[in-house]
Structure formats: C-alpha cells, structure tokens
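1. from the sequence below, what's the structure:
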Amino acid sequence: MTCQLLLSKISLMTTSILEDERITDFGLLIEATRRLTRTVETSLRNDHGLTVVEFEAMVRLGRSTDRQMSMTEMANQMVLTSGGVTRLIDRLAGEGFVDRVSCPSDRRVQWAHLTEDGEKKVAAALVTHLGDLDEHFLAAMSATERTVMVSVLDRLRTTCGSE
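-> Model (predicted):
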C-alpha cells in the first residue's frame, strides 16, 4: 500500500470519527456551559467585582454549617487543586470576604469562613445571578426538562468521580 493511499484511509477514518454524534453532544454541553459561564461571569464582574469561581466559593461557604468548610472539602466540591483553592481563599481573604480559621481538633486543617462582609457581598450578587439564571438558563427549558437535566447532571457528577 502506498503512503498516499494509507494517508487517505487514515483521513477517512478520522473524518468519520469526528462526525460521531457523541462528540457533537459533548461539544454542545461544553459550548453551552462556556456561554452561560461567560454571561454570568460578565454580570458578576461588572456589577459586583467577582469572578464566577469567587462567587461559587462564597455561595458554598454561605450554605455550609457555620458558614465555613475545610479547604480540602472546598477543593473537592469545586473540583480545584489544593493550590487553586488556597489562591482563591487568599484573594477572598484579601477582600475581607473570607477568614481562615484553624480547626480546634486538628491544627493541620484550615477552614475557610465567610465573613459578614462576604455574606453581604454574596447576597447582593445572588440577586444579579438569579436574574441571569432566570433569563439565560431556566427560560430555555420547561420544568420537566429541568428535572431531567438536574437528574442527569447529578448522575454525571457522581459517576465521573472526585479525583
């Protein structure tokens, strides 16, 4: 078989693989996620000076017992590295939105704690965020579709693991 013929066959195989609907379906999920993230990020930055990741961290802390969680748990929930969550908490602490608290039972464990200023900041940002969710996310689906989507996303979150 000539080199030209072999390259032609490889090219045909690659083209058919690229057309696989699984690639398209996953691409739609990624594109939709990126577009939604860009939309809410723009609102959060412009109106509140927060990134989506900073906002998410503050929401998670606000929903946690005593408005705090360990840095390890935050990294796991947000799918960040330990270094990534450390830099995130450093930024939020620098703004006065989060404090670091030592665990009384294990000095090696650090907790991130949402401050009163952080609570006020996230409360204001939530109004903007909920408006964006209503307009750009929930308006695109029926209640039934939303129920199915939440179920599937929860399953994906569980089956993809937490490495």
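
2. tell me where this protein has helices.
-> With DSSP state H as the criterion, the chain has helices at 3-18, 21-48, 52-63, 71-78, 82-94, 116-132, 143-159.

3. tell me which residues of the second one come out buried.
-> When you say that, I think you mean helix 21-48. 36, 40-41, 43-44, 48 (16 or more other CB atoms under 10 Å). For every residue, glycine as well, the C-beta is placed using N, CA and C.

4. what is the nearest of those to Asp154?
-> Among the buried residues of helix 21-48, Leu36 lies closest to Asp154 (CB to CB), at 17.6 Å.

5. if we go by neighbour counts, what in stretch 115-123 is buried?
-> Within stretch 115-123, the residues that count as buried by 16+ other CB under 10 Å are 115, 118, 121-122.

6. so what touches it?
-> Contact with stretch 115-123 is made by 48, 50, 55, 58-59, 61-62, 67, 92, 95-99, 114, as judged by CB atoms under 8 Å, 6 or more residues apart in numbering.

7. likewise stretch 147-161?
-> Residues contacting stretch 147-161 (CB under 8 Å, 6+ apart): Met141.

8. apply 6 Å and report the result again.
-> The contact list for stretch 147-161, computed with CB atoms under 6 Å, 6 or more residues apart in numbering, is empty.

9. what number of residues lie near the nearest residue to Asp66 once chain neighbours are set aside?
-> Once flanking residues are discounted, Asp66 sits nearest to His113: 7.5 Å by CB to CB, 6 or more residues apart in numbering. His113: 18 surrounding residues under other CB atoms under 10 Å.

10. tell me what His113 is bridged to.
-> Beta-bridge pairing for His113 (DSSP bridges): Gln68, Asp99.

11. pretty sure it contacts Asp99?
-> Yes. Between His113 and Asp99 there is a contact under CB atoms under 6 Å: 4.7 Å.

12. for stretch 67-75, buried residues please.
-> 67-71, 73-75.

13. of all the buried residues of stretch 115-123, which comes closest to Leu29?
-> Nearest to Leu29 among the buried residues of stretch 115-123 is Val122, at 27.2 Å by CB to CB.

14. where does pLDDT dip in this structure?
-> Applying pLDDT under 70 to the chain picks out residues 1-15, 161-163.

15. hang on, the earlier thing: and the contacts of stretch 115-123, which are buried?
-> If you count burial by 16+ other CB under 10 Å, the buried members of the contacts of stretch 115-123 come out as 48, 50, 55, 58, 61, 67, 92, 97-99, 114.

16. check those residues and tell me the two furthest apart.
-> So, the buried ones among the contacts of stretch 115-123 by CB to CB: farthest apart are His48 and Asp99, at 19.7 Å.
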